[in-house]
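> Turn this into a model:
(2 chains)
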Amino acid sequence: MKKLLALTLALMLALTMVGALADAPTKLTLILRGGTYGDVIRACLPAFEAEHNVTCEVLDLSFDELHSKIALNAPNPQGEYDLCMVDGSWMAEFTANHVLANLSEMGYSFDEDIIPATTAICKVGDDIYLAPYFGNVTVMLYNKALIEAAGYKPEDIDTFADLKDIAEKTNAAGKMGFLIRGGSGDNIVSDFIPHLLVHGGWVVDENNQPTVNTPEFKAAFENYIELYKLGGTMDKDDIVAAIDNGDAALGQGWPGWYVPSADSNASYVVIPTKLDDADEAKNTSMYGVWTIGVCDNSQNKELALELLKYLMDPEVLLSTVELGGVPCRYSCLQNADVLAAKPHLAIVCSALETGVYRPVIEQWSEFTNTLGMEMDAVIQGVKSMDQGLADAQAALEMLMM
Amino acid sequence: MKNNAIPRRGARASDASERAFPRLMIAPTLLVMAALTAYPLIYTFIYSFTDYQYLKGTAAAQNIGLKNYTTLLQNGYFRQAMVNTVKFTLLAVLLEMSIGLLIAVFIKSLKRGQKLMRTLLLLPYLLPTVTVALSWRMMLSSNYGIVNQILESMHLPVYNWFMDIKTAFGTVLLIDVWQNVPFVFLLLYASLQGVSMNQYEAAKIDGANVVQQFWHITIPNIKNGIALCALLRTIDTFRLFEKVNILTGGGPAGTTTTITQFLYNYGIKNLKFGFGSAGAIVMTLLVLILSSFYIRRAIH
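Now for the predicted structure:
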């Protein structure tokens, strides 16, 4: 009798353990960009976790750390991460080295609601590797009181000549007119690109050879330095603080940096598309769209794809707007309720429709580093414009050989 | 006679085991050292002659001879980083040693409150470098920083400390000195405890003033402590990275770029580990050269 009881108990224990193991939730690891970009994803996870019996671990990282960790994990046969957030500028490097799973092969496709221009960076040929998640695109931050004092309304700022006029008037009034972004090479280059685009220049030609010592680049850089002299150079936090507290009138930024409201001191407009009234309009907004993808060495690829589909769902994306999310979907950015609460998203939507991606080249990180260093030397007066651009061109030609 | 000339087999075996015993005892340490120090160093040296890119894998790495070294030494920004690093190291070590020594002597001379002062002085060194960098960044912010607000209220000129070519290097140097003076103080304070008071009393009787006592008694007695401390600070300062990376990113115009910051930007961040390895070897050689004086001093 005792033996039978013991056997029954042992059997029950074993069954309980098997049952517990069978019910154990699967763990997904998400590696994301810290700040609003990752916060909005984190807020959406509980519903997915409950529905799929999954627990999600989220790693919030800085820009460089995120790149390094995804890359360092890539050669491992069994990866640590399942879903990753990727900056568009890493796309070429990651797809060339099989870091990302081919989503098309896994059955994913884009719907028509996603702003088409934002998907350009997500594909290699017809194959999709990433989905555009957070609509980051350069915008022009302004202080409401200072541009009014300069005699402008936000909707009047439509040329780079207007920017200079506001900056000059603000500077004459004892405040900073225009702020440029300092720090790393990538920051400097990203901040400058809209100025280059409006002058009709670009950093590489159709064969991805550098074109930084050209008349267009030089003209754009001269105008950029003129604007800098009417303000100063700062890092991201200081640019936002200076414009918000009324120390500076203008500066370029990203929607993820600042969420304006009706009462806020600052807001943003689309970056002007023309040099002056006589100029033709060009695409000048630069994308910094944060995309999401599935790591090729994920141990839970199917589940990670489910999560990606869930996060890209229009309803789920709409719910992130309240938290500062900027979906790349028309249904979210043109929603009447959303626009009533956040009218600035109409501006973001326009910018997302006409934005320009950074060149899709494997060496982009090193390219911006090299170019940014030379540009910084010119801005700080260590090198002449001609010397700095000639040195940058030579160094970049070596890099792209 | 025969027995004296040729040792017995038992005695020979005993000698051999006596010789083998110490070797056996240090073998685990040697193995750990080989695994943790020699192995990575050798691999770094080997990779420095290749174009190893992490994402491409070691199988794709090709031997490119001295190309990484020539590219490195021909790069103007690397040369600037070398100059910055050496200049920063010399200034930081000199300032930290001088201030730390003065504080140690001052605290040692206190009749009361030595323990409290010791604890308070150590606080900056106990903070993580990232915390130190972020705190100083907030304090020196050109918008909301307390330092500029104080300067403004006193009608003094304000600066964009980390973005201005005139102030960035000095500001990073100041922060590094602020954080590391306590380390120097602690080591030299410990050395001072070993100086016999009899020597000072004898000097006083001979009519030596405070400066003479400091120069002829304090310094000679703690010179080994000073050499060791300078060696440790030199090696540590030469590797300066976090503060520069957080506060300036090496800018403006490369004026605060150190060798480690350069290697991070051009090698590690781009996953070009072959190039990064060459830089690491150059840096190791520079540290050895710079610290050889102290090492010789410490050994003697």
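> ok, then the element right after the helix or strand of chain B with the lowest mean pLDDT?
Least confident helix or strand, chain B: helix B:2-5 with a mean of 50, by mean pLDDT, DSSP states H and E. Remark: after helix B:2-5, the chain's next helix or strand is helix B:9-33, criterion DSSP states H and E.
> The very next helix or strand once past that next one: which residues count as buried?
In the C-terminal direction, the helix or strand that comes right after helix B:9-33 (DSSP H and E) is helix B:39-47. Of the residues in helix B:39-47, those with enough neighbours to count as buried (16 or more other C-beta atoms under 10 Å in any protein chain shown) are B:44, B:47. The C-beta positions use only the backbone N, C-alpha and C, and glycine is treated the same way.
> One more: stretch B:66-86?
If you call a residue buried by 16+ other C-beta under 10 Å, then stretch B:66-86 has these buried ones: B:68, B:69, B:72, B:75, B:77, B:78, B:80, B:81, B:82, B:84, B:85, B:86.
> Relative to residue A:381, which of those residues is nearest.
For those, the residue nearest residue A:381 by C-beta to C-beta is residue B:80; the value is 15.4 Å.
> Okay, and the closest one sits in which element?
Residue B:80 is located in helix B:76-109, with elements delineated by DSSP H and E.
> is chain A contacted by that helix?
Yes. Judged by C-beta under 8 Å from any C-beta of the partner chain, helix B:76-109 comes into contact with chain A at B:76, B:77.
> Does anything pack onto that helix? Which helices or strands?
Helix B:76-109 is packed against helix B:114-126, helix B:168-192, helix B:219-238, helix B:259-263, helix B:273-299, with contacts defined by 3 or more C-beta pairs under 8 Å, 6 or more residues apart in numbering or on different chains; DSSP states H and E.
> For the last one, name the packing helices and strands.
Helix B:273-299 is packed against helix B:39-47, helix B:67-74, helix B:76-109, helix B:219-238, helix B:259-263, with contacts defined by 3+ C-beta pairs under 8 Å, 6+ apart.
> Check what contacts the shortest one and list those residues.
Same thing as helix B:259-263. With contact meaning C-beta atoms under 8 Å, 6 or more residues apart in numbering or on different chains, helix B:259-263 is reached by B:77-78, B:81-82, B:85, B:238-241, B:244-245, B:249-250, B:276, B:279-280, B:282-283, B:286.
> out of the residues you listed, which are buried?
Buried, going by 16+ other C-beta under 10 Å: B:77-78, B:81-82, B:85, B:238, B:240, B:244-245, B:249-250, B:276, B:279-280, B:282-283, B:286, out of the contacts of helix B:259-263.
> quick revisit: can I get the helices and strands packed on helix B:76-109 in TSV including distance to residue A:248?
TSV is the format used below for the helices and strands packed on helix B:76-109 (distance: least, C-beta to C-beta, whole Å):
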stretch	distance to residue A:248
helix B:114-126	33
helix B:168-192	20
helix B:219-238	36
helix B:259-263	28
helix B:273-299	38
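> Turn those helices into TSV, including mean pLDDT.
Below are the helices and strands packed on helix B:76-109 laid out as TSV (pLDDT from 0 to 100):
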stretch	mean pLDDT
helix B:114-126	90
helix B:168-192	95
helix B:219-238	92
helix B:259-263	93
helix B:273-299	84
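> can you tell which of those helices is closest to residue A:52?
Each of these was checked against residue A:52 via C-beta to C-beta, and the shortest separation belongs to helix B:273-299, namely 38.3 Å.
> Let me know how buried whichever residue of the stretch 201-300 of chain B sits closest to chain A is, in neighbour terms.
When you check the stretch 201-300 of chain B against chain A by C-beta to the nearest C-beta, the closest residue turns out to be residue B:253, at 4.0 Å. Residue B:253 is surrounded by 24 other residues when neighbours are defined as other C-beta atoms under 10 Å in any protein chain shown.
> Could you look over the helices and strands packed on helix B:76-109 and pick the most buried one?
Comparing the helices and strands packed on helix B:76-109 by mean neighbour count (mean count of other C-beta atoms under 10 Å in any protein chain shown), helix B:259-263 comes out on top with a mean of 24.
> on that earlier part again, closest to residue A:382 among the buried residues of stretch B:66-86?
Taking C-beta to C-beta as the measure, residue A:382 lies nearest residue B:80 of these, at 9.7 Å.
> Show me which residues of the stretch 151-300 of chain B are close to chain A?
For the stretch 151-300 of chain B, the residues in contact with chain A under the definition C-beta under 8 Å from any C-beta are B:160, B:162-163, B:165, B:248-255, B:265-266, B:268-272.
> Residue in the stretch 301-401 of chain A with the shortest distance to chain B?
Among the residues of the stretch 301-401 of chain A, residue A:380 lies nearest to chain B; the distance is 4.0 Å by C-beta to the nearest C-beta.
> list the contacts for the residue lying closest to that residue once chain neighbours are set aside?
The shortest distance from residue A:380 to any non-neighbouring residue, by C-beta to C-beta, 6 or more residues apart in numbering or on different chains, is to residue B:253 (4.0 Å). Contact criterion C-beta under 8 Å, 6+ apart gives A:373, A:376, A:377, A:379, A:380, A:382, B:165 as the residues in contact with residue B:253.
> let's see 6 Å
For residue B:253, the residues meeting the contact criterion (C-beta atoms under 6 Å, 6 or more residues apart in numbering or on different chains) are A:376, A:377, A:380, A:382, B:165.
> likewise residue B:38?
Contact partners of residue B:38, counting by C-beta under 6 Å, 6+ apart, are absent.
> got a pLDDT number for it?
As summarised for this prediction, residue B:38 has a pLDDT of 87.
> do residue A:333 as well
At residue A:333 the predicted local distance difference test score is 93.
> Distance-wise, check it relative to residue A:351.
For residue A:333, the distance to residue A:351 (C-beta to C-beta, to the nearest Å) stands at 10 Å.
> Equivalent analysis for residue B:112, please.
Relative to residue A:351, residue B:112 is positioned 66 Å away (C-beta to C-beta).
> Look at these two and report which has more neighbours.
Shown here are residue B:112 and residue A:351; by other C-beta under 10 Å, residue A:351 has more neighbours (25 against 7).
> Kindly state the pLDDT recorded for that one?
With respect to pLDDT, residue A:351 scores 86.
> and what of residue A:93?
Among the per-residue scores, residue A:93 shows a pLDDT of 90.
> How about it, nearest residue that isn't a chain neighbour?
residue A:362 (4.8 Å).
> Now do the phi/psi pair for that neighbour.
phi -60, psi -30 (degrees, to the nearest 10).
> who touches it in this structure?
Residues in contact with residue A:362 (C-beta under 6 Å, 6+ apart) are A:92, A:93, A:96.
> Could you say which helix or strand holds the first one?
Residue A:92 is part of helix A:91-96 when elements are defined by DSSP H and E.
> ok, then the element right after that helix?
Using DSSP H and E, the helix or strand that follows helix A:91-96 towards the C-terminus is strand A:123-124.
> any residues touching that following strand, and which ones?
For strand A:123-124, contacts defined as C-beta under 6 Å, 6+ apart pick out residue A:95.
> How about stretch A:148-157?
A:166, A:169, A:170, A:269.
> okay, how far is it across that stretch, tip to tip?
11 Å (C-alpha to C-alpha, to the nearest Å).
> Just the buried positions in that stretch, please.
Counting neighbours by 16+ other C-beta under 10 Å, one finds that the buried residues in stretch A:148-157 are A:149, A:150, A:152, A:154, A:157.
> From those, pick the one nearest chain B.
Nearest to chain B out of the buried residues of stretch A:148-157 is residue A:149 (C-beta to the nearest C-beta; 19.4 Å).
> for the closest one, phi and psi?
On the backbone of residue A:149 - angles per degrees, to the nearest 10 - the values are phi -60, psi -30.
> Repeat that for the one 4 residues further on.
Recorded main-chain torsions at residue A:153 are phi -110, psi 150, according to degrees, to the nearest 10.
> measure it to residue B:117 for me?
Distance of residue A:153 to residue B:117, given as C-beta to C-beta: 61 Å.
> Show me which residues of chain A are close to chain B?
Proximity of chain A to chain B, by C-beta under 6 Å from any C-beta of the partner chain, involves residues A:71, A:97, A:182-184, A:233, A:238, A:241-242, A:365-366, A:369, A:373, A:376-377, A:380, A:382.
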